[in-house]
Structure formats: structure tokens, C-alpha cells
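Student: Build me a model:
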Amino acid sequence: EIKCPTLVVVGDEDILGGLSLSADLAHHIPGAQLVVLKQAAHGLLIECAEATAASMRDFLSDLGKRRNH
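Tutor: Sure thing, here's the model as predicted:
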């Protein structure tokens, strides 16, 4: 039922949720974007904070560009 722009971020080494569940989640949210961070597990906000933040900035920047057109 999610109808807003959605970013799903997962680490490729996440064994708790994992890539398959995140990919499935992104697949079932219309227009969702999936970002897979290499060499990151479930704690990607701590393990690779800059890459996580960069993916969020890119997502929000792209969203802003789409709304301005």
C-alpha cells in the first residue's frame, strides 16, 4: 500500500534480512529503488555510513529533480 517514493538499502552481506527479502520488498513497492552496498551487513548505517548517506542523498536529489520537471 506504499505509494510514495521509496529507497530500500541493503548490505550484500546482510544475513538477518538479506538481499532476497530487500529485493522482494522493493519489487512490491511501485517505483521503489533498491541499493545494494558491497561489503556491508545489517549495520550498514555504522559499517559504511558514508556510502549509506550517499545513496540517500542521490535518491533525494533525483526525487527533487523529478518533481521540478
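Student: neighbours around the closest residue to Pro5 other than its chain neighbours, how many?
Tutor: Once flanking residues are discounted, Pro5 sits nearest to Leu63: 5.3 Å by C-beta to C-beta, 6 or more residues apart in numbering. C-beta here means a position set from N, CA and C on the backbone, and glycine is covered the same way. If you count neighbours by other C-beta atoms under 10 Å, Leu63 ends up with 14.
Student: for Leu63, helix, strand, or coil?
Tutor: helix (DSSP: H, G, I helix; E, B strand; the rest coil).
Student: Now do it against Val9, distance only.
Tutor: Separation of Leu63 from Val9 (C-beta to C-beta, to the nearest Å): 15 Å.
Student: which residues in the protein form helices?
Tutor: For the chain, applying DSSP state H gives helices covering 18-28, 44-47, 49-67.
Student: and Cys4, which of those helices is closest to it?
Tutor: helix 49-67 (9.8 Å; C-beta to C-beta).
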